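A.B. asks: all I have is the shape, not the residue letters:
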Ligand SMILES: Nc1ncnc2c1ncn2[C@@H]1O[C@H](COP(=O)(O)OP(=O)(O)OP(=O)(O)O)[C@@H](O)[C@H]1O
């Protein structure tokens, strides 16, 4: 159960892209970041995910600023966050391999060393004549958490399929499962349903709702205002890198304070 805060966050490349953005998301809250294309949603998510250190301001995870802690503590905080990128970026290998990826990289060095030893012993023994594959130490099991995450997005049936053979919608669901499998306290989702049909969109939205019901804090960048209306508890409107409106979903949509936010939610602010 984790509270995520942005306090005066700024980040830029050659010039500022995100400027002085502040908001907080409580445990289990779904916060939608909406705004026109190129307005800084991905950049903001990357700073929240601790990929980029803010130029100014603070990210707080349960009140702790990961950039003023030790490297080890920052890594521990980073592990509480799961991010799903817009481009999905699945790895070569099976769907199950992909779903279990985050779990594998989180294992301790000792565990990984032990597994390497087991698999070389198994390999050596199973090359002996008459020893069937999988009979020495058993098949390499897919962790339950990865299977449960695939199930949560309706992709359990595809565990053995090569990830490269998936449709865009299926791949997006597997990318979501990969983040979910690590049981993150916070999920950062960048356009998780862009280019998906209504059925795949509904599956992802249902998975977001279940994650939130389990207490996972969700920050969702989306172009889709209807999606924000369906799944968000609160909404932040980003325009030219600034948060021009932030509050409970119904208030932001029905009674926004900022004139530009009012135009954006009414579909009148065209970029
Ligand atoms: N690595 C980078 N180097 C330089 N400029 C960048 C980089 N990444 C993003 N930008 C610029 O920062 C601005 C904000 O981009 P960002 O991807 O954060 O916006 P966005 O709101 O997520 O857009 P979209 O909705 O189209 O995905 C854009 O002008 C973009 O060109």
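C.D. replies: Looks like it came in fine. Just so it is clear, the structure is predicted and the values come from calculations on it, not from any experiment.
A.B. asks: lowest-confidence helix or strand of this protein?
C.D. replies: helix 109-126 (a mean of 64; mean pLDDT, DSSP states H and E).
A.B. asks: so after it, what's the next helix or strand?
C.D. replies: helix 144-152 (DSSP states H and E).
A.B. asks: what is the burial count for the nearest residue to residue 256 once chain neighbours are set aside?
C.D. replies: Nearest residue to residue 256, sequence neighbours excluded (CB to CB, 6 or more residues apart in numbering): residue 262, at 4.5 Å. C-betas here are computed from N, CA, C, even on glycine. If you count neighbours by other CB atoms under 10 Å, residue 262 ends up with 18.
A.B. asks: look up how far the ligand lies from residue 262.
C.D. replies: 19 Å (CB to the nearest ligand atom, to the nearest Å).
A.B. asks: which parts of the strand or helix carrying that residue are buried?
C.D. replies: Element membership for residue 262, per DSSP H and E: helix 259-265. For helix 259-265, the neighbour count (16 or more other CB atoms under 10 Å) marks 260-262, 264-265 as buried.
A.B. asks: and for stretch 50-61?
C.D. replies: 50, 52, 54, 57-59, 61.
A.B. asks: also stretch 149-161?
C.D. replies: By neighbour count on 16+ other CB under 10 Å, the buried set for stretch 149-161 is 149-150, 152-156, 158-159.
A.B. asks: could you do stretch 5-25 as well?
C.D. replies: In stretch 5-25, counting by 16+ other CB under 10 Å, buried: 5-7, 9-12, 16-19, 21, 23, 25.
A.B. asks: that one and the ligand in contact?
C.D. replies: Yes: counting by CB under 6 Å from any ligand atom, the ligand is contacted by stretch 5-25 at 13, 17.
A.B. asks: average pLDDT for that stretch?
C.D. replies: Averaged across stretch 5-25, pLDDT comes to 94.
A.B. asks: can you list contacts of that stretch?
C.D. replies: Under the contact criterion CB atoms under 8 Å, 6 or more residues apart in numbering, stretch 5-25 has outside partners 3-4, 31, 40, 43-44, 46-48, 52, 54-60, 63, 186, 217-219, 234, 236, 238, 240-243, 246.
A.B. asks: still on that earlier bit, between the buried residues of stretch 149-161, which is nearest the ligand?
C.D. replies: Proximity of the buried residues of stretch 149-161 to the ligand (CB to the nearest ligand atom) peaks at residue 153, which lies at 22.0 Å.
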